[in-house]
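**Student:** Below are the sequence and a predicted model for it; my questions follow.
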Amino acid sequence: MHMRTVYVNGDYLPETEAKVSIFDRGFLMADGVYEVTSVLDGKLIDFDGHAVRLQRSLDELDMKNPITKDDLLEVHRELVRLNGIEEGMIYLQITRGAPDDRDFAFPDPETVPCTVVLFTQNKPGLAANPVAQKGIKVISIEDIRWGRRDIKTVQLLYPSMGKMMAKAAGVDDAWMVQDGFVTEGTSNNAYIVKDGKIITRPKTNDILHGITRAAVLRFAEEAQMTVEERNFTIEEAQDADEAFITSASTFVMPVVEIDGAQIGDGKPGSVAPRLREIYLEESRKVAI
Ligand code: PDD
């Protein structure tokens, strides 16, 4: 693969030269937050939404934001430029930095600055992803993550295990279930459609407040579709007309099978593909 230029604490470096301390709390404690912003036509999709959520994640964890929003935008754009990204993603991670030893207590933010890392992921064809034509299959797994899933932390071990469980079952992803109700996908928000209504779990600490979710629900309402924010079960999902997921890397992606049960006729319906089209079109218009 082409050698990327990445960003670490103020420096643009070849990916092989970029280094972080072994005492970094992101490495030792998963004490860090992240964002994934998609790039289409060489421009950032919903940068503002991601910057606002990043600040909220940092605030919730008492982490001092080391970089202004303007500078962050500048770094995103510079990485897109340096790496020639037309379609893909920018990954951003901020950790509580590297004190000089391992310790559960947070270090003093005045003496230990946060670590900031950004890198690009080149994904030509991200928007024209052929998978969206046929949809994905999911299994359900128990949601055993911690209680603050609204904070976008780098504690991704269970979601990674969920992807592996999906892979072992011969499907694409897993929907997590808590007390009988679907929370979200391993790295995306989950929806069903019944009688023209779009149903998705409300924003609480149980799920990540997706930036794509917010945009898609807004576009759905603008297109006179009904949105119902409430909990739903796997059984209800299996009986729905359609199902789909949203995220910065998949946009809107139809789900055509849940735990072996076909949704509708097993092909993407009309609502999810239409929302995907609207989302891509409208987001491109306001990309920066
Ligand atoms: N994941 N829920 C979870 C648990 C997520 O990890 C994500 C994003 C979402 C969707 O959020 P957004 O629409 O803001 O991307 C929901 C990113 C893409 C990832 O981990 O790669």
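**Tutor:** Everything's here; your move.
**Student:** The residue of the stretch 1-150 of the chain at minimum distance from the ligand: neighbouring residues, count only.
**Tutor:** Relative to the ligand, the nearest point of the stretch 1-150 of the chain is V36 (4.1 Å; CB to the nearest ligand atom). All C-beta spots, glycine's among them, are computed from the backbone N, C-alpha and C. Neighbours of V36 under the rule other CB atoms under 10 Å: 17.
**Student:** again, but for the one 5 residues further on
**Tutor:** Residues near D41, counting by other CB under 10 Å, number 10.
**Student:** And it, its phi and psi?
**Tutor:** phi 50, psi 30 (degrees, to the nearest 10).
**Student:** So it sits against R284, correct?
**Tutor:** Yes: between D41 and R284 there is a contact at 6.2 Å, judged by CB atoms under 8 Å.
**Student:** Tell me which helix or strand comes right after the helix or strand harbouring the residue of the stretch 1-150 of the chain closest to the ligand.
**Tutor:** Element membership for V36, per DSSP states H and E: strand 32-40. Later in the chain than strand 32-40, the nearest helix or strand by DSSP H and E is strand 43-44.
**Student:** quick check: mean pLDDT across that next one?
**Tutor:** Averaged over strand 43-44, pLDDT sits at 98.
**Student:** For the strand holding V36, enumerate the helices and strands it packs against.
**Tutor:** helix 47-60, strand 88-95, helix 271-286 (3 or more CB pairs under 8 Å, 6 or more residues apart in numbering; DSSP states H and E).
**Student:** what angle sits between the first one and strand 32-40?
**Tutor:** Using axes from the mean of the first three to the mean of the last three CA atoms, to 10 degrees, one finds that helix 47-60 and strand 32-40 are set 180 degrees apart in direction.
**Student:** Run a quick neighbour tally on T5.
**Tutor:** So T5, with other CB under 10 Å, has 18 neighbours.
**Student:** Check what pLDDT it gets.
**Tutor:** 98.
**Student:** cool, S160 as well?
**Tutor:** 98.
**Student:** neighbours of it, just the number please.
**Tutor:** So S160, with other CB under 10 Å, has 11 neighbours.
**Student:** which SS class is it?
**Tutor:** Following DSSP: H, G, I helix; E, B strand; the rest coil, we place S160 in the helix state.
**Student:** Spell out the residue ranges of the helices in this structure.
**Tutor:** Secondary structure of the chain (DSSP state H): helices located at 25-29, 47-60, 69-82, 131-134, 157-168, 211-222, 234-238, 271-286.
**Student:** residues contacting F219?
**Tutor:** Residues near F219 by CB atoms under 8 Å, 6 or more residues apart in numbering: L275, I278, Y279, E282.
**Student:** Next, format the residues you listed as a markdown table and append pLDDT and neighbour count.
**Tutor:** A markdown table is the format used below for the contacts of F219 (pLDDT from 0 to 100; neighbours: other CB atoms under 10 Å):
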| residue | pLDDT | neighbour count |
| --- | --- | --- |
| L275 | 98 | 26 |
| I278 | 98 | 18 |
| Y279 | 98 | 21 |
| E282 | 97 | 15 |
